[in-house]
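[1] Sequence plus predicted model, see below.
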Amino acid sequence: MQGIPAVRFDNVSFSYNGFPVLDNVTFAIEQREFAAIIGPNGGGKTTLLRLALGLISPDEGSVRVFGLPPEAARKRIGYMPQHPAVDLRFPVTVEDVVLLARLARRKLGPFRRSDRESAANAIGAVGLSTLHDRRFCDLSSGQRQRVLIARALASDPELLLLDEPTANLDPSIQDELYELLHRLNETLTVVVVSHDVGFVSRYVGKVVCVNRTVMLHPSSEVKGELVSMMYGKSGMRIVDHGHSTD
């Protein structure tokens, strides 16, 4: 429904074993926005995603996804974790990996035609249709990331959550993946957790800066002073693959 944020946190606090990770967090990401979550290690970035997915519950406050509790909206979310559970020693194909996203949408029995069509559409959306029967372990690192994005897309989501999708990739491959996410944002809300603050001004409209608390900024405000404050570093230079700002 138009006007209802894709993700909304209201006065959310969360602790792991008594150690506070998030404190009184309030923010919203609107539908069809492309947002980035940035911040230092341990600042609470992945915790925000886990709360939005309903994998954990806040100690205080509320989380809503499309106006619903996260558990009720989970089928409307595509998720790519930072460390996906794909064993490279297991001889699965690209299609096999992507079809895993359809398991939650079917009962017992073989995959249906609609499952395979959704998987094929997702593989096509990331530009890998010609590799649908290629073994996952034989792909390049950038191609594997595209397959994992396709797996998130195969559930036909309205919201795409990605945790460090470009970690350990060459800059040129990172650019290709961000361009892909930019295109997907034409029809989906996209939220990316990233350490690569350089891409923010080029691709993202809203930046969620998290370090126990949360501050929202338009991407144009993400400059050296803000990043130094968030990461606790001085003199840090942000390099966009098309621009640079101090």
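    Thanks, I have the structure now. Numbers count the residues shown, from 1 in each chain.

[2] Tell me which stretches of this protein form helices.
    Using DSSP state H, the helices of the chain run over 45-53, 70-73, 94-99, 113-125, 141-153, 171-184, 200-203, 224-231.

[3] Now mean neighbour count, mean pLDDT and distance to Pro81 too, for those, in TSV please.
    In this view, the C-beta of every residue, glycine as well, is placed from N, C-alpha and C. Output for these, formatted as TSV (neighbours: other CB atoms under 10 Å; pLDDT from 0 to 100; distance: least, CB to CB, whole Å):
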stretch	mean neighbour count	mean pLDDT	distance to Pro81
helix 45-53	22	96	8
helix 70-73	16	96	16
helix 94-99	24	95	13
helix 113-125	17	94	17
helix 141-153	22	93	9
helix 171-184	17	87	16
helix 200-203	20	70	21
helix 224-231	16	56	23
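
[4] Could you export those as JSON lines, including distance to His83?
    JSON lines is the format used below for the helices of the chain (distance: least, CB to CB, whole Å):
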{"stretch": "helix 45-53", "distance to His83": "10"}
{"stretch": "helix 70-73", "distance to His83": "21"}
{"stretch": "helix 94-99", "distance to His83": "15"}
{"stretch": "helix 113-125", "distance to His83": "21"}
{"stretch": "helix 141-153", "distance to His83": "11"}
{"stretch": "helix 171-184", "distance to His83": "17"}
{"stretch": "helix 200-203", "distance to His83": "23"}
{"stretch": "helix 224-231", "distance to His83": "22"}
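
[5] Looking at the ones you listed, which is nearest to Arg135?
    helix 94-99 (8.0 Å; CB to CB).

[6] pLDDT weak spots in the chain?
    Along the chain, segments meeting pLDDT under 70 span 1-2, 84-87, 105-108, 196-201, 220-246.

[7] again, 90 this time
    1-3, 18, 38-43, 81-91, 102-111, 141, 164-179, 194-207, 209, 215-246 (pLDDT under 90).

[8] and Gly127, what is it in contact with?
    Arg146, Leu180 (CB atoms under 8 Å, 6 or more residues apart in numbering).

[9] With respect to Leu131, which of the helices of the chain lies nearest?
    Using CB to CB, the nearest of the helices of the chain to Leu131 is helix 94-99, at 5.5 Å.
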